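1. the sequence and its predicted three-dimensional model are supplied below.
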Amino acid sequence: MKDYINVIGAGLAGSEAAYQIAKRGIKVKLYEMKPVKFSPAHSNSNFAEIVCSNSFKSNLLTNACGLLKEELRRLDSLLIKIADETAVPAGQALAVDREEFAKKVTENLKNNLNIEIINKEVVSKYDETIANKNQKANLAQGENKKLNNTIAQDQSSKMEKNSAQRNENIEETEPIFFEDLINEDAITIIATGPLTSDSLSIGIKKLTGENDLHFYDAAAPIIEKDSIDFNIAFYGDRYEQEKKKDETLEEWHNRISEYNKTNVASGSNINMKSNGIDKLISGSAEKKDTNSYINLPMNKEEYENFVQELINAEVVTLHDFEKGEIFEGCMPVEVMAKRGIDTLRFGPLKPVGFDDPRTGKRPYAVVQLRQDNLRGILYNMVGFQTNLKYGEQKRVFSMIPGLNNAEFVKYGVMHRNTFINSPELLDNTYNLKKKTNIYFAGQITGVEGYVESISSGMVASLNAIKQFNDANKKLLKSATLSKLENKENVNNKIKEYKFTKSDRETIEEITFSKETMIGALADYISTPKENFQPMNANFGILPPLEGEKIKDKKKRYESLSNRALEKLEQLDENVNI
């Protein structure tokens, strides 16, 4: 067996897996094709690049993703730790400066002496395009060897140098084959994400025997804050911003005026007119964590005109491989709008919990913008993942009150996401049932979301570590019993070892209780079901509480979270392997 573990892909799951393995003193070979090659949706050469929203969702334990993050914090998750370190104001949510987040993850892994980073694309031998290129490279290498053999011993050092350089160039172009990495003599974690390259997808399809499955994912536009019209827009979090029952109109205006004073960029002046009350708000560069959303109110006419233009706007023509099922959790806003005139008002544009400072009344609809970077100069459009053409995004989204002159620094994009049929292929440790030295992790398994991907990387890596250590212990014990005192003989036995299914069955797996969110997700993706679809963290996948049913939702979620964290504590002995 190899004295290292392979990790293919340095996204969220792969980066977490590599860290967990390396911190336990095991060598890691981390394969990442960036910056040599980028997927259609990626542009940052750093690891753990965040493509869609910059939010890791709520931090509250009454939220399923909040519970999942807390479980990961207690397991020393590197990525959650860095997310906390690079957090930007987002109310009760954990949102990050995506550039700083990716940069810190990359620096941490590159500085780890147990991690060897290979920046090359992993390809499949079954990819005809790669096979043809490799054949040409072999022919070129053969010709080069013939040339070397004809060189006389007394040729100049310059000729020798040129020859060596030609050999070096050929070696650099030799591909890394997926099939070589998944041999039985090495443990490999496949964390290539929802945008796995075409060539590697061929290899994975050959490995799993499954047809590819695709679903849609989309990124929302990002806007410069200075281009937002704050004569219309206002700061505030849902339910906190609206007028309280016991507040007078003047008390409410004073309170929300203070909100804006601490959030509007220096030099901005906002006139608020409501029931004859005129208020001039002078800007300040200071920010408050509790006021991290910018809200854009719409009346009925504005909303219905917007929806009409949205559903009739031109969209990007999809490739054949992208024409499939749409995952509800990341649905394009124009697709949602086509489901009915009020669909958006009861979804991402719901006005509940807000009052328009200009009227003192609840708007007909509200578009929310969430802070996207630490400096607070960029904001993304919440729930506005889209497949509209860029020109149409500018035209239609500029119809939203407050965005008439908006500067879009990044338009929304649609991209393919691929996931395997995990319930048929994986167990609840993300281990491939038919080839037990292989693990999958990340969104390719069907977990949906940033934190969920990190969670799968955690579980897969802990079990890969356990399998690696147990195999080494078994071999050393066997060598001792057979009195193989020669160290070289022992090392040879270890090198020759092949992982088998029967060996895997004798290893005690690290399985997380279904009552934890980590365990519930692992259980969901490994439980056979007729129509497998990606899944976010949610309380619905946890087993119900025993005893009398708690009617209050918040208290019920608190009880589920407390139970989950208690169950997690029981894993400490196995997790600290």
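-> Cool, the structure landed.

2. tell me which stretches of the stretch 1-150 of the chain form helices.
-> With DSSP state H, counting those that start in this stretch, the ranges of helices along the stretch 1-150 of the chain come out as 12-22, 64-74, 78-85, 98-110, 128-150.

3. in the third one, which residues are buried?
-> By that I understand helix 78-85. Neighbour-count burial for helix 78-85 flags 78-83 (criterion: 16 or more other CB atoms under 10 Å). For glycine as for every other residue, the C-beta is placed from the backbone atoms N, C-alpha and C.

4. got those as a markdown table, with pLDDT and distance to Phe468 columns?
-> A markdown table is the format used below for the buried residues of helix 78-85 (pLDDT from 0 to 100; distance: CB to CB, whole Å):
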| residue | pLDDT | distance to Phe468 |
| --- | --- | --- |
| Leu78 | 98 | 19 |
| Leu79 | 98 | 22 |
| Ile80 | 98 | 24 |
| Lys81 | 98 | 24 |
| Ile82 | 98 | 25 |
| Ala83 | 97 | 28 |
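
5. relative to Ser456, which of those is nearest.
-> Nearest to Ser456 out of those is Leu79 (CB to CB; 11.9 Å).

6. correct me, but that closest one touches Glu16?
-> Yes. If you go by CB atoms under 8 Å, Leu79 and Glu16 touch, sitting 5.1 Å apart.

7. just the C-alphas of whatever helix or strand Leu207 lives in, formatted as PDB.
-> Secondary structure assignment for Leu207, by DSSP states H and E: helix 198-208. The C-alpha trace of helix 198-208 is given here as PDB (Å, rounded to 0.1, in the frame of the first residue of the first chain):
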ATOM      1  CA  ASP A 198     -15.300  15.900 -18.900                       C
ATOM      2  CA  SER A 199     -12.400  13.500 -19.000                       C
ATOM      3  CA  LEU A 200     -12.500  12.700 -15.300                       C
ATOM      4  CA  SER A 201     -16.300  12.200 -15.500                       C
ATOM      5  CA  ILE A 202     -15.600   9.500 -18.100                       C
ATOM      6  CA  GLY A 203     -13.400   7.700 -15.600                       C
ATOM      7  CA  ILE A 204     -15.900   8.100 -12.700                       C
ATOM      8  CA  LYS A 205     -18.600   6.800 -14.900                       C
ATOM      9  CA  LYS A 206     -16.500   3.800 -15.700                       C
ATOM     10  CA  LEU A 207     -15.700   3.300 -12.000                       C
ATOM     11  CA  THR A 208     -19.300   3.500 -10.800                       C
END
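
8. residue ranges in the stretch 151-300 of the chain under the pLDDT threshold?
-> Residue ranges of the stretch 151-300 of the chain with pLDDT under 70: 151-173, 210-219, 258-291.

9. what touches both of Leu79 and Glu16?
-> Common contact partners of Leu79 and Glu16 (CB atoms under 8 Å, 6 or more residues apart in numbering): Ile454.

10. and the lowest mean pLDDT element among the helices and strands of this protein?
-> strand 277-282 (a mean of 31; mean pLDDT, DSSP states H and E).

11. helix or strand right after that strand?
-> Past strand 277-282, the next helix or strand by DSSP H and E is strand 293-298.

12. what is that following strand packed up against?
-> If you count contacts as 3 or more CB pairs under 8 Å, 6 or more residues apart in numbering; DSSP states H and E, strand 293-298 packs onto strand 234-235, strand 365-371.

13. is it possible to get CSV of those that adds distance to Asp470 and mean neighbour count?
-> What follows is the helices and strands packed on strand 293-298, written out as CSV (distance: least, CB to CB, whole Å; neighbours: other CB atoms under 10 Å):
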stretch, distance to Asp470, mean neighbour count
strand 234-235, 55, 26
strand 365-371, 45, 25
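
14. how far does stretch 529-539 sit from its chain's centre?
-> Relative to its parent chain, stretch 529-539 has a centroid offset of 17 Å by CA atoms, centre = their mean, to the nearest Å.

15. kindly apply the preceding question to stretch 521-539 instead.
-> 17 Å.

16. and if you look at stretch 51-69?
-> 12 Å.

17. what distance separates the start and the end of it?
-> The first and last residues of stretch 51-69 sit 19 Å apart, counting by CA to CA, to the nearest Å.

18. so for it, mean pLDDT?
-> Confidence for stretch 51-69, expressed as mean pLDDT, is 92.

19. cool, and stretch 8-18?
-> On average, stretch 8-18 scores 97.

20. likewise for stretch 523-535?
-> 82.

21. and stretch 106-115, by the same measure?
-> The model assigns stretch 106-115 a mean pLDDT of 98.

22. what's that stretch in contact with?
-> Here stretch 106-115 has contacts from 10, 15, 18-19, 21-23, 25-28, 30, 46-48, 78, 82, 117, using CB under 8 Å, 6+ apart.

23. one more pass at 7 Å, please.
-> Stretch 106-115 is contacted by residues 15, 18-19, 22, 25-28, 30, 46-47, 78, 117 when judged by CB atoms under 7 Å, 6 or more residues apart in numbering.

24. so how far is the first residue of stretch 38-49 from its last?
-> 11 Å.

25. that one: which residues count as buried?
-> Buried residues in stretch 38-49 (16+ other CB under 10 Å): 39, 41-42, 44, 46-49.

26. which residues sit against that stretch?
-> So stretch 38-49 is contacted by 10-12, 15, 32, 34-35, 51, 79, 101-103, 105-106, 109, 195, 413, 415 (CB under 7 Å, 6+ apart).
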